[in-house]
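Peer 1: Fold the following.
(2 chains)
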Amino acid sequence: DIQMTQSPSSVSASVGDRVTITCRASQGLRSWLAWYQQKPGKAPQVLIYSASSVQSGVPSRFSTGASETGFTLTISSLQPEDFGTYYCQQANTFPPILSFGGGTKVEIK
Amino acid sequence: QVKLQESGPGLVKPSVTLSLTCTVSNYSITSDYYWGWIRQPPGKGLEWIANIYHSGSTYYNSSLQSRVTMSVDTSKNEFSLKLKYVTAADTAVYYCARVDCSDTTCYVDLWGQGTQVTVSS
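Peer 2: I've put the predicted structure just below:
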């Protein structure tokens, strides 16, 4: 199974800061990642899936990208409600085997 | 509104088989989605356990495959998980989920609220 390494494991940033979370895979990927936000005591909720598919209601400050170092989730201007833990997730369409990154906890300074 | 609801024992003893059921409301389980289980140990990250299609085709996390069985009951619009020989390491919140597989990826588009399972004697 593909292993996903997510970094950083935690970040503390101020309102208005740009925050970038990176995920790398243990082997080459044939699909885009999905990204989730989890608030304490709640189930995760998908933010973005595929290259540019944003879940309805997700603010435009959330975006994804790909670089030499891996796949990224960027919050362009951090807002107070963006606290929580973010997870990347990889899966090929078939077989539907999912792999989650270890998570990044985002705190507001 | 589509709803997924987990049910099962909150406390199980070590070495027994854990059984969980997810009831799907207001949506047919025979639609073109996979249905899955994901767990989260206390203070830790998410771990995918397994997926099933309404035809009965199953896909398991290789690290759990020897202990896990998923099944689906289309007449009841529910699917289930059995995890054998549980230990304290299986203590977690267990989520059932709807998995959408498109042309480019699979992702969880709908989650249950989660059910806490504690393994302890």
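Peer 1: tell me the contacts of the residue nearest the centre of chain A?
Peer 2: Centroid-nearest residue in chain A, with C-alpha atoms, centre = their mean: A:Trp35, separated by 3.8 Å. Counting by C-beta atoms under 8 Å, 6 or more residues apart in numbering or on different chains, A:Trp35 touches A:46-49, A:62, A:64, A:73, A:86-89. Where C-beta positions appear, they are placed from N, C-alpha and C, glycine not excepted.
Peer 1: Check A:Ile75 too.
Peer 2: Counting by C-beta under 8 Å, 6+ apart, A:Ile75 has contacts A:18-20, A:61-62, A:82, A:106.
Peer 1: so where is chain A shaky, pLDDT-wise?
Peer 2: Within chain A, the ranges that satisfy pLDDT under 70 run A:51.
Peer 1: Any idea how many residues pack against A:Ala66?
Peer 2: 12 (other C-beta atoms under 10 Å in any protein chain shown).
Peer 1: Let me know whether it touches A:Thr74 as I believe.
Peer 2: No: in terms of C-beta atoms under 8 Å, A:Ala66 does not count as a neighbour of A:Thr74; the distance is 11.6 Å.
Peer 1: dump the residue contacts of B:Val68.
Peer 2: B:Val68 neighbours (C-beta under 8 Å, 6+ apart): B:49-50, B:60-61, B:81-84.
Peer 1: From those, pick the one nearest chain A.
Peer 2: B:Asn61 (7.0 Å; C-beta to the nearest C-beta).
Peer 1: Can you check what pLDDT the model gives the closest one?
Peer 2: pLDDT recorded at B:Asn61 is 95.
Peer 1: now swap in B:Thr105 and tell me
Peer 2: B:Thr105 is assigned 84 on the pLDDT scale.
Peer 1: What count of nearby residues applies to it?
Peer 2: Residues near B:Thr105, counting by other C-beta under 10 Å: 24.
Peer 1: do the same with B:Lys82
Peer 2: 13.
Peer 1: now do B:Gln113
Peer 2: Applying other C-beta under 10 Å, I find that B:Gln113 has 14 neighbouring residues.
Peer 1: Spatially nearest residue to it (excluding sequence neighbours)?
Peer 2: A:Ala43 (6.2 Å; C-beta to C-beta, 6 or more residues apart in numbering or on different chains).
Peer 1: Quick check, the one you found in contact with B:Gly112.
Peer 2: Yes: contact criterion C-beta under 8 Å: A:Ala43 and B:Gly112 qualify, at 6.9 Å.
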